[in-house]
Each structure stands twice: as structure tokens, then as C-alpha cells.
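Visitor: Fold the following for me, if possible:
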Amino acid sequence: MGEALRRSARIATSKRVLENEGSKLVPVSPPKPAKKKVKTIPKLDIEEPVKRVDHSSSGANELEIGDAIPDLSLLNEDDESVSLKEIAKENKIVVFFVYPKASTPGCTRQACGFRDNFEDLKEHAAVFGLSADSVISQKKFQTKQNLPYHLLSDPKREFIGLLGAKKTPLSGSVRSHFVFADGKLRFKRVKISPEVSVGDAKKEVMELAKSLKKNDQWEIGNFSFVSYRGDRSSIKASKSSFQIHR
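Guide: I've put the predicted structure just below:
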């Protein structure tokens with residue numbers, strides 16, 4: 001009987017334990033939030049704009065030493081059309097000096113420097129001033145400073161750009177000078193002072209003039225000349241050396 005009581009007690013205890021365990025609160029994880037659906041916008045097939053590069057300032061078409069003078073025409077201070085090709089044909093040596101703006105201090109010094117040396121220069125070369133100023137501005141500049149040479153107006157900076165004398169792609173010119181001989185570029189000086197431009201251009205012209213003179217004449221050794229009248233027995237021969245000029 002005692003054994004039966006103990007078994008009943010164990011069963012009752014086990015029952016209470018099970019009941020207590022069943023009453024325990026079990027923590028429940030909060031529900032995960034639903035993922036939001038993101039709508040993807042299809043990528044449109046649009047070409048990116050093409051970046052345009054101004055090659056005129058990068059030197060893509062810039063004249064180099066040995067290049068021929070371009071086939072362009074510009075107006076001078078008298079509103080007359082001047083062909084660069086014709087200038088090169090008519091003059092062995094041509095000097096173009098570029099100045100930023102007519103009637104400004106530095107440009108006046110440069111222009112007057114070429115004026116003061118014009119007598120020496122004109123013996124060997126033609127001289128032209130060049131800027132982006134209007135024809136009217138060029139005429140006023142020439143008259144006021146009593147310049148003995150023509151001033152070319154290049155408002156679009158076509159020739160100035162080919163010479164490599166643009167300050168920026170949009171505006172401005174750089175003080176410089178360029179010397180052509182036989183229609184080809186021989187000297188180019190960019191970003192120089194007014195005084196250096198005049199002095200160096202004069203030296204370069206004299207150097208080219210001397211070189212061209214040597215090339216234009218050469219000695220033809222000794223030649224025999226025969227002269228006679230009627231009877232060939234009276235032939236006289238003489239020898240002489242001389243130079244031929246082109």
C-alpha cells in the first residue's frame with residue numbers, strides 16, 4: 001500500500017510539473033517587415049552629348065617652320081582686300097607682326113619700333129601689322145602713329161589662329177611676329193616684348209636676305225667664247241668667269 005501511495009505522489013508531481021511548463025510564456029519574435037518592392041526605371045538609350053574641342057587654340061592647324069603661307073585674304077586699313085599668297089609672290093621676304101590691340105601702350109611701342117626701322121627693313125622685306133581690330137581702328141592707329149606700312153584686320157582671327165597667336169579660343173591675340181621667305185614660314189616668335197619683336201625681326205630679315213642672296217647667285221667657272229667674221233681662220237677665243245643672277 002505504501003508503494004502505491006508513493007507512485008500516486010510521483011504521478012501527481014509529474015502532472016503538476018507538466019501543467020506548470022505548459023503555462024510558461026514562450027517569447028514570440030516580432031514578424032519581419034515585408035520588403036518594399038522598388039520599381040526599376042528602364043535606362044533610356046540616349047547618346048551623351050559630344051564635347052566639341054576648339055582645335056584652333058590647341059595648335060592642330062598651326063603653321064610650323066617650312067609651311068607655306070595660307071591662301072587667305074584680309075582687309076587692310078583702307079578696306080582693300082589683300083591676298084596673302086600675292087604678298088608672298090611679290091616679296092621675297094614678308095614680316096607679319098601681331099599686336100593685341102591697336103593704340104594701346106605696348107602695341108604702340110611695337111608698331112612704332114617697326115616704323116623707326118622701316119627704312120632698313122623695306123630694302124629686303126615687306127612689313128605688315130596684324131590684329132583683330134576693325135578696319136576703322138587700324139586706319140586711326142596708322143594715321144595717328146604715321147605708320148609707313150599696311151595694317152591687316154583679322155576680326156575672326158583666322159590668320160592669327162593659323163600662326164598660333166591666339167590668346168584664348170574665344171578672344172585675344174598674343175604679341176608676336178612671323179617672317180616668311182619665298183612663301184614659307186622661316187621664323188616665328190610668340191609671347192615677346194615689343195622691343196624684342198622689333199629687334200629680332202630685323203636681325204632675322206637681314207639673315208634671310210644674306211642667305212637668299214647667296215642662293216640667288218653662283219659662279220659659273222670658265223667659259224670659252226668664240227667670235228669670228230666671215231673667214232673662220234680669223235677666229236678669236238677668250239675665256240671669262242661670271243655670275244648669273246636669277
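Visitor: got the residue ranges for the helices in the chain?
Guide: When assigned using DSSP state H, the helices of the chain occupy the ranges 2-23, 84-90, 105-116, 118-121, 135-145, 158-163, 194-216.
Visitor: Name the residues of the fourth one that come out as buried.
Guide: Buried residues in helix 118-121, counted by 16 or more other Cβ atoms under 10 Å: residue 121. Glycine gets a C-beta too; all of them are placed from N, C-alpha and C.
Visitor: now for that helix, which elements pack on it?
Guide: Where contact means 3 or more Cβ pairs under 8 Å, 6 or more residues apart in numbering; DSSP states H and E, helix 118-121 is packed against helix 194-216.
Visitor: Next, the angle from the helix it packs on to helix 105-116.
Guide: Interaxial angle, helix 194-216 versus helix 105-116 (axes from the mean of the first three to the mean of the last three Cα atoms, to 10 degrees): 40 degrees.
Visitor: you'd agree residue 115 is up against residue 142?
Guide: No: Residue 115 sits out of contact with residue 142 when judged by Cβ atoms under 8 Å, with a separation of 9.7 Å.
Visitor: how near is the spatially closest residue to residue 127 that is not a sequence neighbour to residue 91?
Guide: Closest residue in space to residue 127, ignoring its immediate chain neighbours: residue 149 at 4.4 Å, by Cβ to Cβ, 6 or more residues apart in numbering. Taking Cβ to Cβ, to the nearest Å as the criterion, residue 149 is separated from residue 91 by 12 Å.
Visitor: intersection of neighbour lists for those two?
Guide: Both residue 149 and residue 91 are in contact with residue 126, where contact means Cβ atoms under 8 Å, 6 or more residues apart in numbering.
Visitor: Not counting stretch 198-209 itself, show me its contacts.
Guide: So stretch 198-209 is contacted by 92-93, 95, 97, 110, 113-114, 117, 120-121, 123-125, 177, 179, 181, 186-187, 189, 192 (Cβ under 8 Å, 6+ apart).
Visitor: residues contacting residue 65?
Guide: For residue 65, the contact set (Cβ under 8 Å, 6+ apart) comprises 185, 186, 187, 188.
Visitor: what residues are up against the last one?
Guide: Contact analysis of residue 188 by Cβ under 8 Å, 6+ apart lists 63, 65, 163, 164, 176, 177, 178, 179.
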